[in-house]
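Trainee: I'll drop the sequence and a predicted model, then ask my questions.
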Amino acid sequence: YDEKGVRIKIGGRQLKTDVDEEIPFEDGEEVFDEEAAADEEVEEEEDTEEEIDEEVEEELEEEEADEEVPITRVDKAQESALSVKNSNSKKQKQEEDRKNVMSELDSAANGRANPKNYELPPIELLIESDDFSFEEQEKEVRKKAKVLEKTFLNFGFNVKVVEIETGPVIAQYEVELEAGLRLSKITGLADDLAIALRVPSVRIVAPIPGKNTVGIEVPNDERQMVRLREVMEEASGRMNKMKVPIFLGKDVSGNSLAVDLAAMPHLLIAGRTDEVRMLMIDPKMVELSCYRTLPHLMHPVVTDMKKAEAILAWAVEKMEERYQLLAQVGVRHLSAFNALGEEEIWDRMGAEDEGERNNVATHLPYIVIVADEIADMMMTAGKEVEQHIIRLAQKSRAVGIHLILATQKPTVDVIT
């Protein structure tokens, strides 16, 4: 407002003065200031240029952001689905699996199965032996016997085949040597005999145990399939005397080969697949799937070698528990413990009431642990597995825990 009370606008902007509150608003004469208008135009141009610069910068930032999206941007849903793992969580998971395996084995070992009421499946369930022409085999071995004598004669040795024992896979030729002939000269002819007989290899047994003759083992041209039923039927008379019978197959003479694992006390099967001369039950990881429903399995078939270490650790603990139990009742072997009977065991343990008797084991079964390839276990958990196997091999026989270990590489780093 000027001195007369007229409101003045400078550059289109109203200036507030101290008299605004005292003088009422009235439309007055407007005065236009050229210098103020020029300054305002300059400011508007500068503002316009700044807005343009800001828009350009925003567009550039948006373009850069679009290019970086595939690399740096992660959706919130995807980010929430990511899981973070560390070594501690992995160790905790392994320890939980280990405890679960040992808990399952404890539950199976504490079962109240009555072995006296258990009946074995009938042998008729097994496949019968195949028909085999022994006449053709006899012709074959007689022909090879003449080839052997002729081959020795070509090398300047006069020998005579006195007896032939035929088996399902190998035939043994018993050779009588001439006087003064050294065995070292005979053993060096294995490769030459194999070439003359047209077979992959020949094994010379010099001398045959209990005889003054030399045995030459030659593979048969036609191999006979050895069935488990045939082996069990032939060894049925010896089964009653065995605690843990194992049927391995047939020997060179064709006789059934059955052994008692409780008397061995452990078994190591070594050798490559194509070098095994007996029909073995090879517990491969794939083939074991058909045995998962057997009623006397304490634990399902384990294919994870890390869990296998837990089974061996459980066996060591169970071995120590059984030794303590045998010491309490005053016996030295598992068979002696099982022969005592319930009343005698309760009396020696001092179990008077029913509650105490239910907590006392009156029958301890034999436990057999079969490991198909111990080389895999040595690679995954070498030190732990090695310590468990050593302890079991040294002490577990008396308490009825036995090992059957197999490997294709019986080297010093596997069999320590």
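Mentor: Received, thanks.

Trainee: Can you list the residue ranges for helices in the stretch 51-200 of the chain?
Mentor: Per DSSP state H, counting those that start in this stretch, the stretch 51-200 of the chain carries helices over the ranges 76-81, 87-109, 134-154, 183-187, 190-197.

Trainee: swap that for the stretch 301-416 of the chain, sorry
Mentor: Secondary structure of the stretch 301-416 of the chain, counting by DSSP H, counting those that start in this stretch: helices at 305-329, 334-340, 342-349, 354-358, 374-395.

Trainee: Distance to Pro219 added to the ones you listed, as JSON lines?
Mentor: Using the backbone N, CA and C atoms, a C-beta is placed for each residue, glycine as well. Output for these, formatted as JSON lines (distance: least, CB to CB, whole Å):
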{"stretch": "helix 305-329", "distance to Pro219": "35"}
{"stretch": "helix 334-340", "distance to Pro219": "41"}
{"stretch": "helix 342-349", "distance to Pro219": "53"}
{"stretch": "helix 354-358", "distance to Pro219": "58"}
{"stretch": "helix 374-395", "distance to Pro219": "28"}
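
Trainee: low-scoring stretches of the stretch 201-350 of the chain, by residue?
Mentor: 269-295 (pLDDT under 70).

Trainee: can you map out the strands along it?
Mentor: 203-205, 214-219, 245-250, 256-260, 267-270 (DSSP state E, counting those that start in this stretch).

Trainee: Tell me which of those lies nearest to Glu176.
Mentor: strand 214-219 (8.0 Å; CB to CB).

Trainee: what sits up against the closest one?
Mentor: 144, 148, 169-177, 183, 186, 193, 197, 199-208, 252 (CB atoms under 8 Å, 6 or more residues apart in numbering).

Trainee: Drop anything exposed from these.
Mentor: Among these, those classed as buried by 16 or more other CB atoms under 10 Å are 144, 148, 169-175, 177, 186, 193, 197, 202, 204-205, 252.

Trainee: picking up where we left off before, if you compare the strands of the stretch 201-350 of the chain, which one is most tucked away?
Mentor: Of all the strands of the stretch 201-350 of the chain, strand 214-219 has the most neighbours on average by mean count of other CB atoms under 10 Å, namely a mean of 20.

Trainee: Helix 134-154 and that one, what's the angle between them?
Mentor: Put simply, strand 214-219 runs at 130 degrees to helix 134-154, going by axes from the mean of the first three to the mean of the last three CA atoms, to 10 degrees.

Trainee: which residues touch stretch 338-355?
Mentor: For stretch 338-355, the external contacting residues (CB under 8 Å, 6+ apart) are 328-331, 337, 356-357, 359-360, 362-364.

Trainee: er, stretch 313-333 actually
Mentor: So stretch 313-333 is contacted by 98, 101-102, 105-106, 109, 334, 337, 340, 345, 348-349, 361, 364, 367, 369, 384, 388, 391-392, 395-396, 398-401 (CB under 8 Å, 6+ apart).

Trainee: would you put the C-alpha positions of it in CSV?
Mentor: Output of stretch 313-333 as CSV, limited to C-alpha atoms (Å, rounded to 0.1, in the frame of the first residue of the first chain):
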residue,chain,number,x,y,z
ALA,A,313,28.7,-97.2,16.7
TRP,A,314,25.4,-98.7,18.1
ALA,A,315,26.9,-102.2,17.7
VAL,A,316,29.9,-101.1,19.9
GLU,A,317,27.6,-99.8,22.6
LYS,A,318,25.4,-102.9,22.5
MET,A,319,28.6,-105.0,22.8
GLU,A,320,29.6,-103.3,26.0
GLU,A,321,26.1,-103.6,27.4
ARG,A,322,26.0,-107.3,26.7
TYR,A,323,29.4,-107.8,28.4
GLN,A,324,28.0,-106.1,31.5
LEU,A,325,25.0,-108.4,31.4
LEU,A,326,27.1,-111.5,31.0
ALA,A,327,29.2,-110.4,33.9
GLN,A,328,26.2,-109.9,36.2
VAL,A,329,24.8,-113.4,35.6
GLY,A,330,28.3,-115.0,35.7
VAL,A,331,28.8,-116.5,32.2
ARG,A,332,31.4,-115.9,29.5
HIS,A,333,29.5,-116.5,26.3
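
Trainee: Quick check: buried residues in that stretch?
Mentor: Buried residues in stretch 313-333, defined by neighbour count with 16+ other CB under 10 Å: 313-316, 318-319, 322, 325-326, 329, 331.

Trainee: What of stretch 338-346?
Mentor: Across stretch 338-346, burial judged by 16+ other CB under 10 Å covers 338, 340, 345-346.

Trainee: residues touching Arg238, list them.
Mentor: By CB under 8 Å, 6+ apart, Arg238 lies in contact with 245, 258.

Trainee: Return stretch 162-181 as PDB; C-alpha atoms alone will do.
Mentor: As requested, the backbone C-alpha atoms of stretch 162-181 are provided in PDB (Å, rounded to 0.1, in the frame of the first residue of the first chain):
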ATOM      1  CA  VAL A 162      45.600-140.100 -11.600                       C
ATOM      2  CA  GLU A 163      42.300-138.600 -10.500                       C
ATOM      3  CA  ILE A 164      39.800-135.900 -11.500                       C
ATOM      4  CA  GLU A 165      37.400-134.100  -9.200                       C
ATOM      5  CA  THR A 166      34.700-132.100 -11.000                       C
ATOM      6  CA  GLY A 167      32.900-129.200  -9.500                       C
ATOM      7  CA  PRO A 168      30.200-126.800 -10.800                       C
ATOM      8  CA  VAL A 169      32.700-124.300 -12.000                       C
ATOM      9  CA  ILE A 170      36.200-125.800 -11.700                       C
ATOM     10  CA  ALA A 171      37.700-129.300 -12.200                       C
ATOM     11  CA  GLN A 172      40.800-130.300 -10.300                       C
ATOM     12  CA  TYR A 173      43.200-132.700 -12.000                       C
ATOM     13  CA  GLU A 174      45.500-134.600  -9.600                       C
ATOM     14  CA  VAL A 175      48.900-135.100 -11.300                       C
ATOM     15  CA  GLU A 176      51.600-137.500 -10.100                       C
ATOM     16  CA  LEU A 177      55.100-136.300 -10.900                       C
ATOM     17  CA  GLU A 178      58.000-138.400 -12.000                       C
ATOM     18  CA  ALA A 179      60.800-139.000  -9.500                       C
ATOM     19  CA  GLY A 180      63.300-136.200  -9.200                       C
ATOM     20  CA  LEU A 181      61.000-133.500 -10.700                       C
END
